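Enquirer: just the structure for this:
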Amino acid sequence: MALATTLREADLFRSLPKAFVQCRACAHYCAVPEGGAGKCGVRRNLGGRLYLVTYGKAAALHLDPVEKKPLYHFHPGEGILSVGTVGCNLFCAFCQNWQISQFREFRVSPEGRLDRPIGEDWPPKRLVAEAEALGVRLLAYTYNEPAVWIEYAHDTARLAKARGMKNVFVTSGFETKEAWDYIRPHLDAANVDLKGFTEKFYREVCGARLKPVLESLEHLVATGVWVEVTTLLLEGYNDSDEEVRAMARFLKGLSPDIPWHLTAAHPDYRMLDLRPTRHATLARAHAIAKEEGLRFVYVGNVLDEERSSTYCPDCGRLLVRRRGYRVEALWEAPGVCPGCGQRIPGVWTW
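Expert: Have a look, this model is predicted:
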């Protein structure tokens with residue numbers, strides 16, 4: 001028997017001739033024929049209108065430490081309820097959540113009925129109620145790209161915001177400006193994947209383009225969203241000194257205070273022959289980023305207390321010690337160095 005889903009007409013699309021629609025959620029700007037889907041597989045043209053067919057359907061839901069997103073300058077030590085659906089607008093060959101992000105193996109009838117399940121029922125009100133029941137004040141839209149289910153994320157984030165919570169996007173940054181402006185009133189922070197720094201890498205390995213990601217970073221910083229950036233270093237692909245240096249210079253041009261997370265990759269999905277990122281590779285990239293003037297650079301997916309802890313950029317005092325996901329804040333006034341009084345950029349208090 002076909003399984004029903006909750007359909008939600010998309011907010012971000014425009015009608016085109018011959019019953020086509022153009023999705024405006026991500027920088028692919030897919031022109032979708034009637035009965036078809038965008039590249040993500042979940043934004044579908046039904047009767048000449050664009051619908052999100054995963055609305056209210058969570059394929060992953062977990063209570064995480066906020067550091068796992070990773071966010072190091074945003075309410076350290078707090079829990080965050082993390083939710084994701086299926087589908088993605090990128091096709092990263094190294095994806096570590098590929099079982100849900102690359103899932104497109106279902107059919108949708110003209111009435112919006114699916115031929116197989118795509119997650120559990122977690123409508124926005126239930127998600128926010130669950131966060132309150134868990135005593136959690138942070139929600140993350142993550143695991144797959146939230147741009148492809150942005151109406152679901154938007155409706156949840158709006159309710160969460162009204163209840164005094166804060167919202168986080170963990171994203172490829174391949175959104176349109178329209179998408180950012182749509183979610184911005186309810187968005188407090190974003191961790192953006194800067195996957196590399198060449199159009200060739202984005203095109204051949206991720207099925208996307210670099211320029212829209214850079215534009216998203218510029219837009220988010222300009223509009224006051226707290227931004228941290230993650231780069232998964234793939235040896236032989238995006239870890240050369242020149243590419244790391246170019247990324248560091250771009251980020252410094254936005255702000256030397258943007259935290260940059262350099263993380264280790266492991267073989268997965270279509271890159272099973274990938275060499276696991278060596279600790280020395282992360283340390284080299286960390287040193288380059290610091291040389292270029294970024295004040296907060298971290299390494300991740302490895303145990304490295306020194307390079308995952310936060311220090312005062314002026315006097316060098318240890319401020320937040322991290323051992324894996326164990327966090328110890330060493331200040332009396334959050335965000336203020338007790339040694340020299342320097343204010344540390346970030347969102348430390350409510």
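Enquirer: can you pull up the most central residue in this protein?
Expert: Centroid-nearest residue in the chain, with Cα atoms, centre = their mean: Val170, separated by 1.7 Å.
Enquirer: that residue sits in which helix or strand?
Expert: Taking DSSP states H and E as the criterion, Val170 maps to strand 166-171.
Enquirer: CA atoms of stretch 321-329 as PDB?
Expert: These are the backbone C-alpha positions of stretch 321-329, laid out as PDB (Å, rounded to 0.1, in the frame of the first residue of the first chain):
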ATOM      1  CA  ARG A 321      39.400  23.300  27.100                       C
ATOM      2  CA  ARG A 322      38.000  20.600  24.900                       C
ATOM      3  CA  ARG A 323      38.800  16.900  25.200                       C
ATOM      4  CA  GLY A 324      36.700  15.300  22.400                       C
ATOM      5  CA  TYR A 325      33.200  16.600  23.300                       C
ATOM      6  CA  ARG A 326      34.000  17.200  26.900                       C
ATOM      7  CA  VAL A 327      34.100  21.000  27.400                       C
ATOM      8  CA  GLU A 328      35.500  23.000  30.300                       C
ATOM      9  CA  ALA A 329      35.000  26.800  30.300                       C
END
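Enquirer: ok now it, how far from the chain's centre?
Expert: 22 Å (Cα atoms, centre = their mean, to the nearest Å).
Enquirer: what residues does it touch?
Expert: The contact list for stretch 321-329, computed with Cβ atoms under 8 Å, 6 or more residues apart in numbering, reads 65, 67-68, 72, 76-77, 303, 305, 308-310, 319-320, 330. The way it works is simple: take the backbone N, C-alpha and C, and place the C-beta from them, glycine included.
Enquirer: wait, what's in contact with the spatially closest residue to the residue nearest to the centre of the chain that is not a sequence neighbour?
Expert: Of all residues not flanking Val170 in the chain, Thr142 sits nearest, at 3.7 Å (Cβ to Cβ, 6 or more residues apart in numbering). Residues in contact with Thr142 (Cβ under 8 Å, 6+ apart) are Lys69, Ser82, Val83, Gly84, Val168, Phe169, Val170.
Enquirer: can you put those in TSV and add distance to Val42 and pLDDT?
Expert: Listed next are those as TSV, based on distance: Cβ to Cβ, whole Å; pLDDT from 0 to 100:
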residue	distance to Val42	pLDDT
Lys69	22	97
Ser82	19	98
Val83	15	98
Gly84	12	97
Val168	21	98
Phe169	17	98
Val170	18	98
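Enquirer: who wins for neighbours among those?
Expert: Phe169 (29 neighbours; other Cβ atoms under 10 Å).
Enquirer: for that one, give the beta-bridge partners.
Expert: Bridge pairing for Phe169 (DSSP bridges) gives the partners Tyr141, Ala190.
Enquirer: ok, and for stretch 204-222, which residues are buried?
Expert: 205-206, 208, 210, 212-217, 219-221 (16 or more other Cβ atoms under 10 Å).
Enquirer: quick one: which of those is nearest Gly236?
Expert: Val205 (11.3 Å; Cβ to Cβ).
Enquirer: what's the distance between the nearest residue to that closest one once chain neighbours are set aside and Leu234?
Expert: In space, and not counting its chain neighbours, Val205 is closest to Ala93: 5.3 Å by Cβ to Cβ, 6+ apart. From Ala93 across to Leu234, the span is 9 Å (Cβ to Cβ, to the nearest Å).
Enquirer: got it, and Gly79?
Expert: To Leu234, Gly79 is 30 Å away according to Cβ to Cβ.
Enquirer: out of these two, which sits in the more crowded spot?
Expert: Neighbour totals were compared for Gly79 and Leu234, and Leu234 leads with 21 against 17 (other Cβ under 10 Å).
Enquirer: wait, isn't the more buried one in contact with Ala265?
Expert: Yes. If you go by Cβ atoms under 8 Å, Leu234 and Ala265 touch, sitting 5.1 Å apart.
Enquirer: I'd like the contacts of Thr142 laid out as TSV, including distance to Lys290.
Expert: Listed next are the contacts of Thr142 as TSV, based on distance: Cβ to Cβ, whole Å:
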residue	distance to Lys290
Lys69	22
Ser82	30
Val83	35
Gly84	33
Val168	26
Phe169	27
Val170	25
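Enquirer: Glu228: which of those residues is nearest?
Expert: Lys69 (8.0 Å).
Enquirer: OK, contacts around the closest one?
Expert: Per Cβ under 8 Å, 6+ apart, neighbours of Lys69: Ile80, Ser82, Ala140, Thr142, Val168, Val170, Asn191.
Enquirer: Trp226 now?
Expert: His73, Phe74, Asp188, Ala189, Ala190, Gly346, Val347 are the contacts of Trp226 under Cβ under 8 Å, 6+ apart.
Enquirer: write down the beta-bridge partners of it, one by one.
Expert: Here Trp226 sits in beta bridges with Ala189, going by DSSP bridges.
Enquirer: show the pLDDT at it.
Expert: Note on Trp226: pLDDT of 98.
Enquirer: that one and Ser216, how far apart?
Expert: Look at Trp226 and Ser216: by Cβ to Cβ, they are 14 Å apart.
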